[in-house]
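Chemist: okay, here's the prediction I keep looking at, along with the sequence it came from:
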Amino acid sequence: MSKITPEKLGERLQTDDDDLLVVDIRHQEAFDDWHVPGCINVDVYDELTNGPDEAKDGLSDLSEQKEVVTVCDAGIAAETAADVLQEMDYDAKALADGMNGWSRVHRHAPVGVDLDGTLVQVARPGKGCLSHVLIADGEAVVFDPSHYLEEYEAILDEHDAELVGVFDTHAHADHVSGAAEFANRHSVPYYLHPKDALAIDATPVEDGQSIPVGSLDIEVIHTPGHSEGSVSFDIDGAALITGDTLFHESVGRVELGVEAGIEDSDAEQNAATLYESLQRLLDRPDNALVLPAHDPGSPEPPVTATLAEVKERNEDLGRDREAFVQELASDIPDHPPNFERVKRTNVGQESVPADELAELELGPNNCAAE
């Protein structure tokens with residue numbers, strides 16, 4: 001069986017390889033929820049299950065001039081589809097581990113920002129997650145890392161930097177954070193607001209606190225609403241790490257902590273709180289780069305926008321308080337898969353075995369309000 005690794009597929013997609021055709025063979029609903037960017041959907045999953053030959057009609061219209069990569073959830077049905085295509089004289093491979101494997105892919109690139117240091121954005125295109133590594137004078141901190149810590153270790157090695165702290169902007173609901181483990185591995189502080197550190201050992205942060213990294217200062221801005229402990233970080237007035245409080249074209253949703261059973265509030269209260277938090281961010285310099293923890297597409301780093309650009313693009317920021325609360329509290333999108341367990345894991349109330357983490361996270365990111 002011919003396979004292609006998720007990492008290799010990611011590299012080829014980065015080059016806009018015109019000779020590559022990615023074919024998702026899952027049901028239309030699963031494809032619509034979450035898929036590799038640029039792929040097409042040919043729903044032959046049932047046919048492959050009933051008998052591989054039954055899928056040939058559905059697969060017969062693919063371009064014979066292109067190399068085909070088949071995709072499913074875990075890679076098993078995709079292997080069968082690739083076998084069928086090879087029998088039909090296609091050059092076909094299966095994506096190893098399917099969408100589960102695609103979820104592991106990370107890419108990184110420097111952020112062009114006016115700082116006396118280096119800021120690197122790490123994108124996880126399969127999850128829409130963004131994390132950041134700040135390096136100054138040989139010291140480094142990491143914001144919102146995934147649990148695939150080797151990605152961040154490689155960046156530290158690349159810049160010959162010593163890790164001095166790890167931050168989470170909040171207790172995430174779509175993926176399991178690697179921040180506590182990363183901090184423990186390097187014997188450095190793990191910074192998380194007490195309102196989100198319900199049962200986990202973390203160094204508390206508070207509004208207005210300043211944390212140095214080399215010659216730079218990180219200002220803590222408590223911006224609750226998406227979660228009670230959500231914080232944003234102002235890096236020397238040049239960059240705003242906004243977590244899930246403020247995205248480029250949306251804002252954080254307000255009901256996840258309530259529905260996960262870890263917040264004693266409701267969506268209306270949280271929406272009103274988030275509105276006030278956003279006003280604090282909007283007072284920051286217009287030329288500051290807004291760097292959220294997620295992007296709704298399949299992000300190619302660096303994903304950046306100035307605060308002025310976000311004000312122009314983000315319709316949520318143009319609503320008055322009443323309209324904002326009504327919109328966020330009434331229009332609830334689909335939840336991130338397994339968000340209750342993920343959220344409880346990130347606040348320290350549940351422990352998930354390492355070999356179950358990938359499956360727990362499998363699925364789209366749905367942390368934006370719309």
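Modeler: It's in.
Chemist: make it CA atoms for all contacts and neighbour counts henceforth
Modeler: OK.
Chemist: distance of the residue most central in space within the chain relative to Ala154?
Modeler: The structure's the chain has its C-alpha centroid closest to Cys129; by C-alpha atoms, centre = their mean the separation is 1.4 Å. Distance from Cys129 to Ala154, counting by C-alpha to C-alpha, to the nearest Å: 18 Å.
Chemist: do the same with Lys8
Modeler: 18 Å.
Chemist: now do Val142
Modeler: 12 Å.
Chemist: those two: which is more packed in?
Modeler: For Val142 and Ala154, the more surrounded residue by other C-alpha atoms under 10 Å is Val142, and the numbers stand at 25 against 11.
Chemist: contacting residues around the more buried one?
Modeler: With contacts defined as C-alpha atoms under 8 Å, 6 or more residues apart in numbering, the neighbours of Val142 are Ser131, His132, Val133, Leu134, Tyr152, Leu163, Gly165, Val166, Phe167.
Chemist: for Gly297, grab phi and psi.
Modeler: Note on Gly297: its backbone torsions stand at phi -90, psi -140 [degrees, to the nearest 10].
Chemist: revised request: answer the last question for Met99.
Modeler: Met99 has phi and psi values of phi -70, psi -30 when expressed as degrees, to the nearest 10.
Chemist: list the contacts of it.
Modeler: By C-alpha under 8 Å, 6+ apart, the contact set of Met99 is His35, Val36, Val71, Cys72, Asp73, Ala74, Gly75, Gly126, Leu362.
Chemist: so which residues of the stretch 251-370 of the chain form strands?
Modeler: Under the criterion DSSP state E, counting those that start in this stretch, the stretch 251-370 of the chain carries strands at the ranges 289-292, 305-306.
Chemist: export those as JSON lines, with columns for mean pLDDT, distance to Ile4 and mean neighbour count.
Modeler: JSON lines is the format used below for those (pLDDT from 0 to 100; distance: least, C-alpha to C-alpha, whole Å; neighbours: other C-alpha atoms under 10 Å):
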{"stretch": "strand 289-292", "mean pLDDT": "98", "distance to Ile4": "31", "mean neighbour count": "27"}
{"stretch": "strand 305-306", "mean pLDDT": "98", "distance to Ile4": "34", "mean neighbour count": "19"}
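Chemist: Asp116: which of those is closest?
Modeler: When the strands of the stretch 251-370 of the chain are compared by C-alpha to C-alpha, strand 289-292 sits nearest Asp116, at 15.0 Å.
Chemist: the protein - how does it break down into domains?
Modeler: Following automatic domain parsing, one gets these domains for the chain: 3-102, 107-361.
Chemist: how near is the nearest residue to Lys311 once chain neighbours are set aside to Ala323?
Modeler: Leaving out its chain neighbours, the residue that sits closest to Lys311 by C-alpha to C-alpha, 6 or more residues apart in numbering is Leu317, at 6.5 Å. If you measure Leu317 against Ala323 using C-alpha to C-alpha, the figure is 11 Å.
Chemist: who's more crowded, these two?
Modeler: For Leu317 and Ala323, the more surrounded residue by other C-alpha under 10 Å is Leu317, and the numbers stand at 20 against 12.
Chemist: so what's that one scoring on pLDDT?
Modeler: On pLDDT, Leu317 comes in at 96.
Chemist: just Pro337 next, same as before
Modeler: According to the model's per-residue confidence, Pro337 sits at a pLDDT of 68.
Chemist: out of the helices and strands in this protein, which is least certain?
Modeler: Lowest by mean pLDDT, DSSP states H and E among the helices and strands of the chain is helix 256-259, with a mean of 67.
Chemist: restricted to strands, list the contacts of Met99.
Modeler: Of the contacts of Met99, the ones assigned to strands by DSSP state E are Val71.
Chemist: what's the most distant pair in the contacts of Met99?
Modeler: When these are compared pair by pair using C-alpha to C-alpha, the farthest-apart members prove to be Gly75 and Gly126, with a separation of 14.9 Å.
Chemist: okay, the two: which has more neighbours?
Modeler: When Gly75 and Gly126 are compared on other C-alpha under 10 Å, the one with more neighbours turns out to be Gly126, at 27 against 20.
Chemist: OK, contacts around the closest residue to that one other than its chain neighbours?
Modeler: In space, Gly126 comes closest to Ser103 once its chain neighbours are excluded; the distance is 4.3 Å by C-alpha to C-alpha, 6+ apart. Contacts for Ser103 were tallied using C-alpha under 8 Å, 6+ apart; they are Arg124, Pro125, Gly126, Lys127, Ala358, Leu362.
Chemist: and Ser103, how far from Leu149?
Modeler: According to C-alpha to C-alpha, Ser103 stands 14 Å off from Leu149.
Chemist: Glu249 contacts Val310, doesn't it?
Modeler: Yes: under the criterion of C-alpha atoms under 8 Å, Glu249 makes contact with Val310 at 6.8 Å.
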